[in-house]
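**Student:** how does the following fold in three dimensions:
(chains A and B)
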Amino acid sequence: MILPGDLSKIRSLEEVFLIRFRLDKKSKVPLLLVVFGVMLILFAILNIVLGSVRISLHDLVRVLLRQGENAVYDKVVWDIRLPRTLAAILGGAALAVSGLLLQIFFRNPIVDPYVLGVSSGATLIVAILMLTGVVLEMGTIPPYLLSVGAFAGALAVVILIVAVSGRVKQVVTLLVIGLMIGYVCGAGTTILEALAEKENLHNFVLWTMGSFSGFGWEQVSVLAVAGGVLLVIAYLLCKPLNALLLGEDYARSMGVNIKSLRVVLVLIASTLTALVTAFAGPVAFIGLAAPHIARLTLGTSDNRALIPATILLGAVITNFCDLLARILFAPVELPISAISSLIGAPIVIVLLMKRRTSL
Amino acid sequence: MNVMQTKELSVGYDGRTVVADINLEALKGQFICLLGPNGSGKSTILRCLAGLLAPLHGSVFLKDNLLYQMDPGDLSRTMAVVLTERLSPGLITVFEITAMGRYPYTDFFGHLSREDEEKTWEALRLVGARDLAERYFNELSDGERQKVLIARALVQEPEVIILDEPTTYLDVKHRLEVMEILRELSRKKGITVILSLHEIDIALKSCEIVLLVKNGKILASGPPEEILSEEMVAEVYGIESAHFSSCLGGIEMSNSGGAQVFVLAGAGSGAPVYRLLNKYGFSIITGVIHENDIDYYVGRALGGAVVGEQPFEEISLSNIDQAASLGRQAEYIVDAGYPIGSLNRRNVELARRLMAQDKVIYSLRSRQEFEALYGVDGNKPVYCPNLGALAQRLSRRKK
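**Tutor:** I've put the predicted structure just below:
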């Protein structure tokens, strides 16, 4: 039997634990960032050495130092796995930060990077390219065209949203507009799907599942340069982003220029997503889960710690998921979105249940 | 020197005016309150004063600058706000949220200097929230949250603080604490406090200037002692079933016209009895009570028929007669256990006359006291040792 006295004791013990936990916070954040960093390196290496062709660590070092004698290893590492791994790192980071920015912007924890309709715009254009006869009788559509088309579609939505974002009174309106754009594009896509030929449809559906398999060095460098710049800008915004945690009114009263912050945030978040979607298609859940996992493990919403943690975690999770997608049912490659959802959702639920505070 | 001033200000949304012709002058350290019914536009006015909603017409001056042309940084160093919306800032501690008020003073990444940290602790101490510093904001109660938000505003080192209904959602203890903190800010720190309130009594007791807002205009403004009359409050809130008493500084629900009860009272013994009777739907007749007696004010505020006597005069026979004739209609008599002195000794006579009639009598006096005072003629009274017992019997009567 639990007496009231015991209950209060339990509470105070918990309190003691919490206070200790908090006191450690200052040292906890850098420690966790290092842990995430080590995990990232670990998964990146695994992602390069594992697969249908297994490469020993020893060989990997030699290949990376350009001292390998095995031409197959050279090709597998340099042409396929290394760019793909880097793409997963950069893409994961971009999606995760995009999700984080939008979660802060909309003050809504269940927002993800696609909420503004960015991927729907990309998907629609890709559907037009893949499912209609627009691309003449070229047989196969060159991948760069798909990327350009997807990016154009995503960017069109971004421009539309940004144009609206300065004008709406409440951000929720923007959220609804984003959803509506998503529905409209989705409608267009389903119509095309209904009218499409079977073979084209199969390829298209595969594209919509998302994959980092299409990355070569060119795509990676585009993602690295553009995404890198945007990630740095996102970090530079951490002070106004923190103020935004209190809502737009408080932020304004502290001197934040809300109108321009809105535009910049939407622009960065959407462009980050558009970049990834252009090359990898829509990749689900990373943008939703990574910020949550970062927030809950760090125990803070302070963006000065949260943005780096989200970048690292997004990269770690994406790498891990990509690895599983590749090797679980090899030679069949699973859609990465399926893996990320399967792994991410339980983690978020467990972390949320353990926490007494609401997000 | 006026810190904030509005000239022919009209506020509203989308060109639709909510409140027009606002001419407000707020001096340094003044405590100003907006009163008015829900939806009267108090929040809209405050949003405009806070720089969150551009005026439709007219202008707002903050220390002789046009507020809506000020640099956002300068503005945030001069004015801070506490809003009504419920915050959910995520995993942010009380200290962190308070320190956010340093926003206009910190560097590009928002690092806190030693001075910033000291000021944050000082503000938390001032609102009595130091012990909460390491807690997450989301874990706090409404009262604690409000104090922390005031601390956050304070850390901004403003000359004006604008608060939209800072006492809503709070229990009595926190309500008083919050008002006390705000009064301290205005008195000791010379901060001008502009806020909206729901509680007229709190406004009367804490504010220097009150603005009554109704039907799109400022109905009256000035010291609450001057403008918060019974009629004015009734007009502003459109209340008919309740009365505001400026002497009592509060609202009393007025009589609903049930069975009549004559209350023998005085020296404050009557007030709780009146409220009790009123709650159970009885109408009140009471007397004879001196006009400087609290029972006189409460009885009147409740809409009872009160026979009064000039202050410090002995109760006249004519008033006794008047009370007795009014008392004839009463079904019950309640002796509230009033003290008897030379000026009200004739009330004993009145009691005897009323009790001689066939009425149910309730006495809050003990049997010995009652019999010693009135003798033992007439109906036997029902002795109630306290108000609770009286309430029980009355509620039975009602059924």
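**Student:** how many neighbours does residue 320 have?
**Tutor:** No chain was given, so I picked chain A. A count of nearby residues for A:Phe320, using other Cβ atoms under 10 Å in any protein chain shown, gives 22. The C-beta positions use only the backbone N, C-alpha and C, and glycine is treated the same way.
**Student:** not what I meant, chain B
**Tutor:** 19.
**Student:** report pLDDT for it.
**Tutor:** The predicted local distance difference test score for B:Ile320 is 83.
**Student:** surely it meets B:Leu264?
**Tutor:** No. B:Ile320 sits out of contact with B:Leu264 when judged by Cβ atoms under 8 Å, with a separation of 11.7 Å.
**Student:** identify the contacts common to those two.
**Tutor:** Shared contacts of B:Ile320 and B:Leu264, defined by Cβ atoms under 8 Å, 6 or more residues apart in numbering or on different chains, comprise B:347, B:350.
**Student:** report all helices and strands that the longest strand seen in chain B contacts.
**Tutor:** In chain B, with assignment by DSSP state E, the single longest strand is strand B:2-13. Packing contacts for strand B:2-13, counted by 3 or more Cβ pairs under 8 Å, 6 or more residues apart in numbering or on different chains; DSSP states H and E, involve strand B:16-22, strand B:25-27, helix B:42-49, strand B:57-62, strand B:192-196.
**Student:** so what touches that strand?
**Tutor:** Counting by Cβ under 8 Å, 6+ apart, strand B:2-13 makes contact with B:17-28, B:30, B:41, B:44-45, B:47-49, B:53, B:55-63, B:159-160, B:192, B:194, all of which sit outside it.
**Student:** mean confidence score for stretch B:13-21?
**Tutor:** Mean pLDDT, stretch B:13-21: 88.
**Student:** circling back to that earlier point, how about TSV for the helices and strands packed on strand B:2-13, with mean neighbour count and distance to B:Asp131 added?
**Tutor:** Converted to TSV, the helices and strands packed on strand B:2-13 look like this (neighbours: other Cβ atoms under 10 Å in any protein chain shown; distance: least, Cβ to Cβ, whole Å):
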stretch	mean neighbour count	distance to B:Asp131
strand B:16-22	18	41
strand B:25-27	17	33
helix B:42-49	24	30
strand B:57-62	18	35
strand B:192-196	25	25
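**Student:** would you reformat these as TSV and include distance to A:Ala243?
**Tutor:** Putting the helices and strands packed on strand B:2-13 into TSV (distance: least, Cβ to Cβ, whole Å) gives the following:
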stretch	distance to A:Ala243
strand B:16-22	28
strand B:25-27	26
helix B:42-49	18
strand B:57-62	21
strand B:192-196	22
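**Student:** in JSON lines, list those along with distance to chain A.
**Tutor:** Conversion of these to JSON lines gives the following (distance: least, Cβ to the nearest Cβ, whole Å):
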{"stretch": "strand B:16-22", "distance to chain A": "14"}
{"stretch": "strand B:25-27", "distance to chain A": "17"}
{"stretch": "helix B:42-49", "distance to chain A": "8"}
{"stretch": "strand B:57-62", "distance to chain A": "13"}
{"stretch": "strand B:192-196", "distance to chain A": "14"}
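**Student:** show residues contacting the host helix or strand of A:Ile233.
**Tutor:** If you go by DSSP states H and E, A:Ile233 is part of helix A:228-236. Contacts of helix A:228-236 with the rest of the structure, by Cβ under 8 Å, 6+ apart, involve A:90, A:93-94, A:97, A:101, A:264, A:268, A:271-272, A:275, A:307-308, A:311, B:108.
**Student:** compare those and tell me which is most surrounded.
**Tutor:** Using other Cβ under 10 Å as the neighbour test, the contacts of helix A:228-236 are led by A:Ala94, with 35 neighbours.
**Student:** quick one: low-confidence ranges for the chain?
**Tutor:** All of this refers to chain A. In the predicted model of chain A, residues A:1-26, A:133-140, A:355-359 satisfy pLDDT under 70.
**Student:** wrong one, chain B
**Tutor:** In the predicted model, chain B carries pLDDT under 70 at residues B:239-243, B:245-257, B:376-379, B:397-399.
**Student:** what parts of it come near chain A?
**Tutor:** When proximity is defined as Cβ under 8 Å from any Cβ of the partner chain, chain B approaches chain A at B:50-52, B:72-73, B:75-77, B:79-81, B:83, B:85, B:87-93, B:96-97, B:100-101, B:103-104, B:106, B:108-110, B:134, B:136, B:138-139, B:156.
**Student:** ok so, going back, next structured bit after the helix holding A:Ile233?
**Tutor:** Elements were assigned by DSSP H and E; along the chain past helix A:228-236, the next helix or strand is helix A:238-244.
**Student:** which parts of the stretch 101-250 of chain A are helices?
**Tutor:** A:118-131, A:143-165, A:171-195, A:198-209, A:217-222, A:228-236, A:238-244, A:248-253 (DSSP state H, counting those that start in this stretch).
**Student:** okay, buried residues for the second one please.
**Tutor:** Neighbour-count burial for helix A:143-165, with 16 or more other Cβ atoms under 10 Å in any protein chain shown as criterion, is recorded at A:146-147, A:149-158, A:160-162, A:164-165.
**Student:** again, but for the fifth one
**Tutor:** If you call a residue buried by 16+ other Cβ under 10 Å, then helix A:217-222 has these buried ones: A:219-220, A:222.
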